[in-house]
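Undergrad: need a structure here:
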Amino acid sequence: MVAITLTVNGVSRTVQASPDTPLLWVLREELGLTGTKYSCGEGECGSCTVHVDGVATRTCVTPVSRAAGKKVTTIEGLGNGKLHALQQAWIEDQVPQCGFCQPGMLMQAAALLAGNPNPSDADIDRAMQANLCRCGTYLRVRRAIRRAAGEVTQ
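TA: Below is the predicted model:
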């Protein structure tokens, strides 16, 4: 175990962890940020997506040591204490069904809009293709991203 410091949702946090501990477990178990979900454990489904220095990152396969000294944003910090435009669009378009994959979907979508504030449907599909939704809400996700695109400024 070593001391690892990272900034999570704007707050500097130091945790005692093995450097190879997945960032997911540090966020959930050490910091109590349970919005980031565990699903496949192999970085394939996207449920565990957060931003590390603004880049969408799969936390189930990312060692906490890779986040040391970096800015981590989880679903809890996406809107900085208020609803992010994507979260509002998710509500308005009634995107979630079971909701399990939605935190990862939102974080992936936020990364997309940060780099491409006016994405085409093809851009959205490409960016979101590796985020799996067992309920099949993909068309709602696309609609919500398009709705939010007009409101999101990063």
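
Undergrad: if you skip the residues just before and after it, what's nearest to residue 65?
TA: residue 19 (3.7 Å; Cβ to Cβ, 6 or more residues apart in numbering). C-beta: built from backbone N, CA, C; applies to glycine.

Undergrad: so the closest residue to residue 121 other than its chain neighbours is in which element?
TA: Leaving aside its sequence neighbours, residue 121 sits nearest to residue 142 (Cβ to Cβ, 6+ apart; 6.2 Å). Assigned by DSSP states H and E, residue 142 belongs to helix 138-149.

Undergrad: Please name the residues that touch the residue nearest to residue 65.
TA: The contact partners of residue 19, taken as Cβ atoms under 8 Å, 6 or more residues apart in numbering, are 2, 4, 63, 64, 65.

Undergrad: Please settle this for me: is the last one part of a helix?
TA: I take that to be residue 65. Yes - the assignment for residue 65 is a helix, going by DSSP: H, G, I helix; E, B strand; the rest coil.

Undergrad: That one contacts residue 20, doesn't it?
TA: Yes - Residue 65 is within contact range of residue 20, at 6.9 Å (criterion: Cβ atoms under 8 Å).

Undergrad: how does the chain divide into domains?
TA: Domain assignment for the chain by automatic domain parsing gives 2-74, 85-149.

Undergrad: Make CSV out of these and add mean pLDDT.
TA: Converted to CSV, the domains of the chain look like this (pLDDT from 0 to 100):
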stretch, mean pLDDT
domain 2-74, 97
domain 85-149, 94
